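Novice: Would you be able to build a 3D model of this:
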Amino acid sequence: MASWEDYLSDEDRANVARGKWAQRGGFGVRPALIIIDAQNYMVGEKGVNDPEKYPLSCGEAGWAAVEYMKRLLDTARAVKVPVFYTRFAIDPKVDDAGGFHRKLGTPASEYSYIEDTHGSRIVDILAPRPDELVITKKKSSAFFGTPLHAYLIDRSIDTLIIVGGATCNCVRATVSDSASYNFRTIVPAEAVFDRIPVSHHITLFDINRFLGDVISTDEVVAYLKKTGAGREAAE
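Specialist: The predicted structure is shown next:
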């Protein structure tokens, strides 16, 4: 399986070592799970490769990540860790995507990110519960122009576990803002996805180098279970 190591030169590795980049930031004590844009337009139909119908789909890479996201979601719910969802959805009447549409020319359809379409809905396997907050955003970061930061402060959250897609775009933007707000920022490597492998791997490299910890889903699940057990003992 490819990793960011496959894209680095010996000089790149020496640069990282010399600067002592990629130190482990570690977990805090009050985590939240942030599920970024796990929508139908992002993954298409499971097992079906139809780029004409879903021109923005990440395909099998997306569905592979969804399975890991489901495991993290189930664990978070079991130990009562807060879960927040985002979805990217645009109103075609006013085109509130702003500058994004100067870079992307995908036509509006039932299978894109237009509000109130199949494409804009969160995939069924990860469907939010009534007690879980879903934030509709208009830009890449889950923080930009949304109340997410205020909700995290209200719940005394110190650790964000960020999953979803796409790695190089909305995940990276959210991770960057999370780090800027001094949250401990965790990205489970198998639970994020992208359309372009090189973008995916180099983004994970950059995140791990200076923004957060890119670690295995297994390690995050173990942390969540330990956090839940600690909370029960305290109660």
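
Novice: Do a quick rundown of the strands in this structure.
Specialist: 31-36, 83-88, 133-137, 159-165, 184-188, 192-193, 213-215 (DSSP state E).

Novice: which strands and helices sit next to the fourth one?
Specialist: Using 3 or more Cβ pairs under 8 Å, 6 or more residues apart in numbering; DSSP states H and E as the contact criterion, the secondary-structure elements in contact with strand 159-165 are strand 31-36, helix 60-78, helix 172-180, strand 184-188, strand 192-193. (Each C-beta comes from the backbone N, C-alpha and C, glycine too.)

Novice: ok, now which ones touch the closest residue in space to residue 167 that isn't next to it in sequence?
Specialist: Spatially, and ignoring its direct neighbours in sequence, residue 167 is nearest to residue 194 (4.1 Å; Cβ to Cβ, 6 or more residues apart in numbering). Residue 194 makes contact with 58, 61, 165-169, 200, 203, according to Cβ atoms under 8 Å, 6 or more residues apart in numbering.

Novice: where does the chain have low pLDDT?
Specialist: Filtered on pLDDT under 70, the chain yields the residue ranges 1, 229-235.

Novice: if we go to 90?
Specialist: Within the chain, the segments meeting pLDDT under 90 span 1-2, 47-52, 92-93, 95, 97-108, 227-235.

Novice: Can you give me the separation between the closest residue to residue 192 other than its chain neighbours and residue 14?
Specialist: Of all residues not flanking residue 192 in the chain, residue 167 sits nearest, at 4.7 Å (Cβ to Cβ, 6+ apart). Residue 167 is 25 Å from residue 14, where distance means Cβ to Cβ, to the nearest Å.

Novice: Kindly report the same for residue 120.
Specialist: Distance of residue 120 to residue 14, given as Cβ to Cβ: 45 Å.

Novice: Those two: who's more crowded?
Specialist: Set side by side, residue 120 and residue 14 show more neighbours around residue 120, with 21 against 11, by other Cβ atoms under 10 Å.
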